[in-house]
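# A structural model of the following input is requested.
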Amino acid sequence: MHDVLQLGLIWLRIWLYFTVGFHLLKSLKFVTEKNCDANSFIELIEQSYPKLAGAGFELLRTGGGANHDLQLIPPPATGYTPNYLGSEHSCLNAAMCYIRPIQNNLDTSPISADACDADNSNATGAARITCTHCGIAVIMGNLREHSDACVEYLGIWGEGHVSDESFDLDDDDLQTALQLSAIDESDHLVSLQNSPNDERSLNIILLEHKGRVINDDITCYVNVVRGREWEAGVRALSRKRFDPAAKLSVRYSDDEGQSEGAVDVGGPTREFFREALRQCLDESSLFTGPASERSLELNSSAEEKGHYKLAGMLMALSLLHGGPSPQCLSLFTYNVMCNGTSTSLKPSVSDVTDLEIRSALERIINAESIEMFTGLIATPPVDVLLGLAGYTKPIRTLTDKADIVDAICSFYCVGRMGAAWNDFLDGLETCGLRTLMRRHEALFKPVFVMEMEEDRITPQKVLAFFKVAYVSERGSNTRQLQQSAVTFWRDFVEDCEDFDNPVKLQDVLVFATALAREPPMGFIPDPSIEFVDGIFPRASTCANVLYLPTVHDSYGKFCQYMREGILGAHGFGQA
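Reported below is the predicted structural model:
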């Protein structure tokens with residue numbers, strides 16, 4: 001839903017899921033006057049979908065979760081209007097909107113008008129729909145309740161009546177329809193057959209959001225020296241003319257200043273985001289903690305320079321431009337990213353990255369006497385932290401240990417870093433990304449937090465990414481050479497798991513796609529295998545194509561030149 005206030009217009013995009021013995025999914029996009037009344041709005045809907053004429057309808061929106069549960073948009077008593085749908089009262093925002101018919105034309109006998117008096121109010125200007133069961137003109141906002149009452153009174157539940165429970169959200173056809181409706185018609189439709197539900201849904205959500213917020217008619221340039229991507233990102237994002245809604249074109253200075261490809265398929269762009277995020281998380285002093293559970297760290301100099309906001313912007317833009325995600329943040333960090341510093345989830349001792357403070361907190365937890373407890377809180381660094389945290393509650397028993405530990409953890413992880421957190425969250429809201437995260441909190445969680453062993457890159461995953469593109473005829477000598485190269489390739493990928501192999505699976509993906517793992521938006525286009533007559537492998541990271549050499553007659557030679565080519569590549573798959 002896009003409410004274009006300055007033009008006095010509202011764009012509506014509505015999908016119809018209409019059950020009359022079959023499933024019909026259809027896309028409608030039209031413009032209405034923002035202030036048109038409910039009757040005019042109904043006429044527009046019925047003109048596009050004649051089978052809805054006289055049936056009445058409800059509007060539903062997609063909710064959170066992997067199954068795309070539909071939630072009713074409460075209708076005003078007078079009926080839906082574009083003005084209402086564009087307001088905060090509808091809770092529609094940018095979610096997908098679906099139509100559900102309330103009643104169909106049924107051959108029924110009417111009940112007495114007395115049974116319908118409560119529904120037939122005299123609201124001025126209200127949209128009215130004639131009940132197909134009793135013939136009474138009922139206000140649109142009351143039609144669902146009235147129709148159900150009529151059906152129950154007459155005992156005529158059947159295929160002609162669409163109840164508010166007749167949509168089985170677990171139905172495979174409906175779920176597929178919901179998934180398909182969320183994708184714009186383009187060359188980059190996501191494969192619904194090969195992706196898990198959560199991953200598929202995330203792809204769709206990001207692609208759809210990118211289509212709304214990124215303007216391909218505007219280009220912003222990022223000039224990079226390889227190995228200093230974070231520094232280049234700071235310069236580019238700080239530029240006054242930088243437009244976060246523009247597409248990006250990355251130019252590496254050691255590649256003769258030539259920008260390769262468009263933002264959504266550009267190898268240089270993906271490489272930039274991969275390296276800039278890595279340097280931001282590991283080398284900038286903005287984050288601290290274990291490599292797989294990074295947390296925001298206080299750095300006064302970085303705060304003064306606005307680097308926390310830039311870090312949030314970098315993460316948001318990476319996700320929206322097909323780049324990688326920082327899948328290494330702590331659970332508490334992600335919770336604050338979604339819910340703010342007032343989150344009900346309290347930090348634990350494990351979230352305190354300062355080893356001295358954490359050790360002191362662990363000694364407090366393990367204190368077995370009140371004397372030991374009071375002695376610990378009277379010595380540094382605990383006494384200083386309690387003073388800074390403003391903790392003044394008297395200490396009387398060992399049960400006060402939990403309050404002391406909570407106060408210090410909250411101050412260390414949140415209180416002392418209020419300005420840094422605010423800047424970081426402000427940057428994360430670039431192009432509405434944080435709002436999107438909050439709407440789909442569970443779905444975005446594995447994007448930022450390493451959750452399970454399934455997140456690990458395996459040979460099977462790498463092989464599944466690449467589709468072999470044979471162009472030679474079956475049975476030809478060229479085809480036999482290509483098939484031999486593919487067999488060597490599969491063994492090569494399997495052997496990358498060996499601990500003493502200098503080439504790792506991530507190196508293979510970086511060489512071919514500029515990314516070390518599949519991005520949240522998915523690889524666009526899908527990676528593929530083609531062939532080259534030379535001894536070294538080549539790659540086009542813009543097109544995600546890996547070219548395998550076909551001249552090697554032994555696996556040993558194939559591996560040797562594959563390793564040399566991948567490890568010695570000079571940017572963008574050039575061996």
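
# could you check how many residues crowd around Tyr547?
22 (other Cβ atoms under 10 Å). Where you see a C-beta, it was placed from the backbone N, CA and C, and this is true even at glycine.

# in which helix or strand does it reside?
strand 545-549 (DSSP states H and E).

# Gly387 too?
helix 382-389.

# so Lys247 is in which element?
Per DSSP H and E: strand 246-252 holds Lys247.

# and the strand holding Tyr547, which strands flank it?
strand 528-532 (parallel), strand 538-540 (antiparallel) (DSSP bridges).

# which regions of the stretch 1-150 of the chain lie under the pLDDT threshold?
Where the stretch 1-150 of the chain drops to pLDDT under 70, the residues are 1-35, 48-49, 51, 62-70, 77, 87-96, 103-128, 132-150.

# am I right that Thr353 is in a helix?
No. The assignment for Thr353, made by DSSP: H, G, I helix; E, B strand; the rest coil, is coil rather than a helix.

# now it: how far from Ser344?
22 Å (Cβ to Cβ, to the nearest Å).

# ok, Val551 next?
Val551 is 62 Å from Ser344, by Cβ to Cβ.

# surely Met437 touches Cys338?
Yes. The criterion here is Cβ atoms under 8 Å, and Met437 meets it with Cys338 at 5.7 Å.

# anything in contact with each of the two?
Taking Cβ atoms under 8 Å, 6 or more residues apart in numbering as the contact rule, Met437 and Cys338 both touch Phe444.

# returning to that earlier point: buried stuff in the helix holding Gly387?
382, 385-386, 389 (16 or more other Cβ atoms under 10 Å).

# how about stretch 339-349?
Neighbour-count burial for stretch 339-349 [16+ other Cβ under 10 Å]: 347, 349.

# can you give me the end-to-end span of that stretch?
Counting by Cα to Cα, to the nearest Å, you get 20 Å between the two ends of stretch 339-349.

# looking at the buried residues of helix 382-389, which is nearest Ala246?
Ala389 (43.3 Å; Cβ to Cβ).

# was I right about that closest one contacting Gly415?
Yes. Judged on Cβ under 8 Å, Ala389 makes contact with Gly415 at a distance of 6.3 Å.

# picking that back up, next structured bit after the strand holding Tyr547?
Where DSSP H and E defines the elements, the next helix or strand beyond strand 545-549 is helix 555-567.

# and that following helix, which residues are buried?
For helix 555-567, by 16+ other Cβ under 10 Å, it's 558-559, 561-563, 565-566.

# between strand 545-549 and that helix, find me the angle.
Angle of helix 555-567 versus strand 545-549, following axes from the mean of the first three to the mean of the last three Cα atoms, to 10 degrees, is 140 degrees.

# in terms of secondary structure, what does helix 555-567 contact?
In terms of contacts (3 or more Cβ pairs under 8 Å, 6 or more residues apart in numbering; DSSP states H and E), helix 555-567 is packed against helix 477-495, helix 505-513, strand 545-549.

# can we see that at 7 Å?
The contact analysis (3 or more Cβ pairs under 7 Å, 6 or more residues apart in numbering; DSSP states H and E) places helix 555-567 against helix 477-495, helix 505-513.

# ranking those helices by burial, who's on top?
helix 505-513 (a mean of 22; mean count of other Cβ atoms under 10 Å).

# Val352 contacts Arg358, doesn't it?
Yes. Counting by Cβ atoms under 7 Å, Val352 touches Arg358, with 4.6 Å between them.

# out of these two, which sits in the busier spot?
Between Val352 and Arg358, counting by other Cβ under 10 Å, Val352 is the more crowded of the two (22 against 17).

# tell me the contacts of that one?
Taking Cβ atoms under 7 Å, 6 or more residues apart in numbering as the criterion, Val352 is in contact with 358, 361, 409, 412-413.

# which one of these sits closest to Cys280?
Minimum distance to Cys280 across these is 19.5 Å, recorded for Cys413 (Cβ to Cβ).

# how close does the closest one sit to Lys393?
Taken as Cβ to Cβ, the span from Cys413 to Lys393 is 20 Å.

# so for these two, which sits in the more crowded spot?
Taking neighbours as other Cβ under 10 Å, Cys413 and Lys393 compare with Cys413 leading, 23 against 10.

# quick check: closest non-adjacent residue to the more buried one.
Using Cβ to Cβ, 6 or more residues apart in numbering and skipping residues adjacent in sequence, the residue nearest Cys413 is Pro347, 3.9 Å away.

# for the one you found, give its distance to Leu546.
44 Å.

# follow-up on the earlier one: same list (the buried residues of helix 555-567) but as TSV, adding distance to Thr513 and pLDDT.
Listed next are these as TSV, based on distance: Cβ to Cβ, whole Å; pLDDT from 0 to 100:
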residue	distance to Thr513	pLDDT
Phe558	21	97
Cys559	21	96
Tyr561	20	96
Met562	16	97
Arg563	18	96
Gly565	15	95
Ile566	12	95
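
# about what we covered before: ok, which of the helices and strands packed on helix 555-567 comes nearest Gly79?
Nearest to Gly79, of all those, is helix 505-513, at 50.5 Å by Cβ to Cβ.

# who are the packing partners of that closest one?
helix 459-465, helix 555-567.

# pLDDT on it, on average?
Mean pLDDT, computed over helix 505-513, is 95.

# on that earlier part again, so among the buried residues of helix 382-389, where is pLDDT lowest?
Ala389 (90).
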